[in-house]
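Asker: Okay, structure incoming, though there's no sequence with it:
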């Protein structure tokens, strides 16, 4: 190792122009690698360590890799807990329904607003309001409107629709309607997410629609295709790629959503999704190890979905 | 292998560094700099004390700061009073402890099992304070609450109990006598609702919320129902099923759906309920002394004292089960705090500064250290004369000395599921996670109360299995 510097200089002088350019590139992009390492890789590494370590919160400042007692208790404890599985199924339901709702809502509105009409830009801007609104403001508006005592929804329901008593929308786990069991609070948080995120889909789909050549549709119309056929065979196929990307993004975002649910219900009424559960393990139980284990399982499950999606996508592209 | 060791230790250093940076940017408390007193040189304690208080209202903050300033003037120890509600304390202490930056004194409820399990609480410091002030000068019940694994985890300060407030005029109109059991209370509430068309009893009934969790324990205690007895979950007992049935009746007596504590209070103050289950904190509001919770009832416009004149109080509902729901606030000294200065501060807050501290909200802060060695009832006597909400009217002035006496005694009858026993952790977790309150849905939709408490037992059992 003593003569390393000389070797390095010698090698450096023999760099070709291309190699030097590459080195330049690496040096220039180094800060972003550093940032990624500091804000993503190292914290993730810490989560992995915490998930497999046997320690108390008070020990963390003195924790070092040499002295950690490794254990599988945290990850095993998470799997054997009924709360884990109920949080997982709630999360899957939530992610699936918000994804479908957000995509369908966004596409429908984008299609409806395709043809120019008077006041189109105003309607478009209004439709974006939920997406632009800070989540805390949006959640407060919903909480106020749905309040059992002074909310406008319950006032309308009891005074106009003739409900016998107000409904606690944000805390009612399930209600019987016509023999069906309806998860009330879960539906409300799903609707909230659809209302809040559909504009995002709308923006993407609108942008894509503007690039659909008008000639294609004109040609189909001349060939005698009606509006429904033009939509099904010309327009929608064009949207496939953008919708696939949106489905993936939306599912990942919904799967790990914390803000919206926590601000609306704090996880009450059967809306305790994985992210809320992780937070509660951390703050209510002060159990960092268990919270890390829950988080790690969440990542693993998300990874499975990501890989499945990538495989499905590749096969479609190959066809 | 050598290289591996170096990489791992570098990673460990980086890990520790990043954790510290992350925690510091979030925390911001002054605890980190206050370790000057740890040197233990034998001289005067130095440094400062960071004190987290859940009494966050501006008037109460100002009053607490004044007491802290007095302490600073006497000892030279600076005090930073930080407003932090109970739930925020959980979060802030967890992140603070991970970075070694903790406050020196935290005023907290007795649900200390989570903190104790994680080693966050300095029980030696708490025990030292209790012994130096004299364990026999404290309320025994309050000491039991914070006794985990045979050691005091905190120093009891003050507490409140639940009261059932009733409208004597409405009960007279309906020809009802004051109920003396949970069954009678439920029947009375239903009668009022059916005959007079207003809410029978307003109390925390919102599914899955802390309001409802408190209300469940408060009412279920009245039939002698226990969550857990010596490690066995007993929430499915016949007493509990009876209480659940009464709870359903009481909840159904609402005219306005499910309440949380805030809307329950507003309903009573609006004259729309005959009964209200609330903590002793209601006493100043009833007299119209709290500008944030004004009296809005029709009769109140002409008569400010309407509720004082027409309200009665039930402290012990059922003489055969004289247990009252209540809670305490306790001074917690976290592990890693400036122990010496914190000890002096807590001792001051429970002696010279005690009455001033209780005076910030006397109706909800009943002393848990009634007196000192010289005068065993000094602070309790003082407390009885303290004016509420900045007025010169004390509880005794408005409601009579009988209520003062029964509140003071009430602290001895305070009963909480599991606290002070080996089941404290399970009871604390069930409370914090609102396990019982999540099952109210089924109760409201007409499921048999026995089935509901059976399901409650299943959920508590699952929690017990998780805890191991």
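Answerer: Received it, and whenever you're ready, just let me know what you need. Worth saying up front: this structure is predicted, and the values here are computed from it rather than measured.
Asker: Would the helix or strand residue A:156 falls within count as contacting chain B?
Answerer: Residue A:156 belongs to helix A:152-159 when assigned by DSSP states H and E. Yes: judged by C-beta under 8 Å from any C-beta of the partner chain, helix A:152-159 comes into contact with chain B through residue A:154. Every residue, glycine included, has its C-beta placed from N, CA and C.
Asker: Repeat that for stretch A:137-146.
Answerer: No: contact of stretch A:137-146 with chain B (C-beta under 8 Å from any C-beta) is absent, the minimum separation being 11.0 Å.
Asker: cool, and stretch A:65-76?
Answerer: Yes: using C-beta under 8 Å from any C-beta, stretch A:65-76 reaches chain B at A:65, A:66.
Asker: so what does the helix holding residue A:156 touch, helix or strand wise?
Answerer: helix A:135-146 (3 or more C-beta pairs under 8 Å, 6 or more residues apart in numbering or on different chains; DSSP states H and E).
Asker: Dihedrals phi and psi, the nearest residue to residue B:134 once chain neighbours are set aside?
Answerer: Nearest non-adjacent residue to residue B:134, counting by C-beta to C-beta, 6 or more residues apart in numbering or on different chains: residue B:373, 5.7 Å away. When read as degrees, to the nearest 10, the backbone of residue B:373 gives phi -60, psi -40.
Asker: again with residue B:202
Answerer: Main-chain torsions, residue B:202, degrees, to the nearest 10: phi -100, psi 120.
Asker: okay, now it: neighbour count?
Answerer: Other residues lying near residue B:202 total 31 when counted by other C-beta atoms under 10 Å in any protein chain shown.
Asker: what residues does the stretch 1-150 of chain A put near chain B?
Answerer: Looking at chain B, the residues of the stretch 1-150 of chain A close enough under C-beta under 8 Å from any C-beta are A:38, A:42-43, A:45-46, A:49, A:56-61, A:63-66, A:77, A:80-83, A:147-150.
Asker: Just the buried residues of those residues.
Answerer: Applying 16 or more other C-beta atoms under 10 Å in any protein chain shown to the residues of the stretch 1-150 of chain A next to chain B, the neighbour count classes A:42, A:46, A:49, A:56-61, A:63, A:65, A:77, A:81, A:83, A:147-149 as buried.
Asker: that older thread, right, is the helix or strand immediately after the helix holding residue A:156 in the chain up against chain B?
Answerer: Downstream of helix A:152-159, the first helix or strand assigned by DSSP H and E is strand A:175-177. Yes: applying C-beta under 8 Å from any C-beta, one finds that strand A:175-177 is in contact with chain B at A:175, A:176.
Asker: how far is strand A:175-177 from where the chain is centred?
Answerer: With C-alpha atoms, centre = their mean, to the nearest Å as the basis, strand A:175-177 stands 29 Å off its chain's centre.
Asker: Does the helix or strand following that strand reach chain B?
Answerer: Helices and strands here follow DSSP H and E; after strand A:175-177, the next one along the chain is strand A:180-182. No: using C-beta under 8 Å from any C-beta, strand A:180-182 never reaches chain B; the gap is at least 9.8 Å.
Asker: List the pairing partners of strand A:180-182 within its sheet, with orientation.
Answerer: Taking DSSP bridges as the criterion, strand A:180-182 forms sheet pairs with strand A:175-177 (antiparallel).
Asker: can you list the residues that contact the partner strand?
Answerer: The contact list for strand A:175-177, computed with C-beta atoms under 8 Å, 6 or more residues apart in numbering or on different chains, reads A:167, A:181, A:182, A:184, B:441, B:445.
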